[in-house]
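Trainee: Next one to model:
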Amino acid sequence: MRWIGVLLLAVVAIAAMAQPVTEYGPAKGTLIIAGGGSLEGTGILEAFIAHAGGAEQARIIVVPTAAGNKAADGTVRVYTEDDVVAAWKKRGVRHVRMLHTHDPKVADTEEFAAPLREATGVWFDGGRQWNIVDSYAKTLTFREFHKVLERGGVIAGTSAGATIQGDYLVRGAVAGSNIVMTPEPEHEHGFAFLRRSAIDQHINTRNRWDDIIPVIRKYPNLLGLGLSEGTAIIVTGDRFEVTGLWKVAVHDNTRLYQPWEKPYYVLSPGDVYNMKTRQIEKLGIGTTPRNK
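Mentor: All right, here's what the predicted structure looks like:
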C-alpha cells in the first residue's frame with residue numbers, strides 16, 4: 001500500500017507543477033479594471049457579463065460599499081438591493097444580487113459570505129476605496145472574493161472598484177481623494193487581485209496623469225496603471241488588453257526614459273501588454289505607445 005501513497009504524492013506534485021505560474025494577474029479567472037465615468041457604449045459592461053457566463057447563466061454579485069458606509073448625518077447608510085441591481089437586470093442578467101455590510105464582523109460570517117460561493121462574477125461599484133477595505137479586509141468575505149477567481153470567475157469594478165483590485169491602495173486616505181499616498185497603514189493595501197500593482201483612475205478628466213509617479217518611486221517593484229474614464233484593461237494571467245474609449249498610462253520603473261520624457265507611456269484600445277516581461281505584445285490599429 002505504501003507505493004500507492006507515493007504514487008498519489010507524485011500525482012499531486014505533477015498537478016501542482018502544471019498550474020500556471022503568474023506574477024501579476026490570477027492564475028485562473030479574469031479581471032476587468034475600469035477607469036470610471038460612463039461605461040455606456042464602451043463594451044466594458046458587456047465584457048464583464050460575458051466573462052461571468054452570459055446574461056442567462058451568470059451569477060453576479062454587486063458590491064456597492066465604496067459609495068459609503070455612513071450617510072451624511074453619520075448614521076449607517078442603507079442600500080436598497082433593487083436600486084443596486086436594477087441596471088444589471090435591465091441588461092438581461094437573470095441572477096444578480098447585492099452584497100454589502102458596513103461591519104467586518106458580519107463580513108467574517110459564513111451566512112454573509114455564502115452567496116460568493118456560487119458567484120461567477122463580482123462587480124465593485126465606485127466611490128471611496130477605503131470603505132471597501134474597512135468592510136471586508138481580512139475577513140471570510142475577502143477570501144471568498146479570491147476564490148471566485150480560483151474557480152475561473154471574473155472580478156471587475158470601476159473607479160474605486162478598479163483601485164481596490166491593486167496591491168498598493170492609491171488614494172486610500174480617508175481625508176480626501178486628492179491624497180495619493182495615505183498616511184493610514186490600514187488603508188495602504190488593496191485586495192491584490194492584480195498583484196504588484198498600483199491602480200489610479202479618472203486620469204484624463206481629473207488630470208491625474210502624473211499622480212502615481214511618487215508611488216512608483218517609493219515602491220519601484222510595483223507596476224503603475226492609470227486608467228482613463230470609459231476605458232478598462234481586461235487581465236488574463238500576466239497579460240492585459242486595453243478596451244473602451246481612450247488611454248491607459250503604464251508606469252514601468254524598469255524602462256529607461258529620457259530626461260525630457262514623462263516616466264510612463266500610454267497604451268490605446270486594442271493594445272496588449274505583458275506585465276511579467278514588461279513588453280507590449282500587440283499594438284491596436286493605428287496606435288503607437290508614447291509618452292504623454
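
Trainee: How far does the strand or helix carrying Ile60 sit from its chain's centre?
Mentor: In this structure, Ile60 sits in strand 59-63 according to DSSP states H and E. Relative to its chain's centre, strand 59-63 lies at 14 Å (CA atoms, centre = their mean, to the nearest Å).

Trainee: Can you give me the buried ones in it?
Mentor: For strand 59-63, the neighbour count (16 or more other CB atoms under 10 Å) marks Arg59, Ile60, Ile61, Val62, Val63 as buried. Bear in mind the C-beta positions are built from the backbone N, C-alpha and C, glycine included.

Trainee: pLDDT on that strand, on average?
Mentor: When pLDDT is averaged over strand 59-63, the result is 98.

Trainee: Now the next helix or strand after that strand - C-alpha only, PDB.
Mentor: On the C-terminal side of strand 59-63, the closest following helix or strand by DSSP H and E is helix 81-90. These are the backbone C-alpha positions of helix 81-90, laid out as PDB (Å, rounded to 0.1, in the frame of the first residue of the first chain):
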ATOM      1  CA  GLU A  81     -31.000  45.900  -3.400                       C
ATOM      2  CA  ASP A  82     -33.500  46.700  -6.100                       C
ATOM      3  CA  ASP A  83     -31.700  50.000  -6.700                       C
ATOM      4  CA  VAL A  84     -28.200  48.400  -6.700                       C
ATOM      5  CA  VAL A  85     -29.000  45.600  -9.200                       C
ATOM      6  CA  ALA A  86     -31.600  47.400 -11.400                       C
ATOM      7  CA  ALA A  87     -29.100  48.400 -14.100                       C
ATOM      8  CA  TRP A  88     -27.900  44.800 -14.400                       C
ATOM      9  CA  LYS A  89     -31.400  43.400 -14.700                       C
ATOM     10  CA  LYS A  90     -32.000  45.900 -17.500                       C
END
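
Trainee: where do the strands sit along the stretch 51-200 of the chain?
Mentor: Ranges of strands within the stretch 51-200 of the chain are 59-63, 95-98, 121-124, 154-158, 197-200, based on DSSP state E, counting those that start in this stretch.

Trainee: any idea which of the buried residues of strand 59-63 is closest to Lys218?
Mentor: Proximity of the buried residues of strand 59-63 to Lys218 was ranked by CB to CB; the top entry is Val63 with 29.0 Å.

Trainee: Thank you kindly, that will do.
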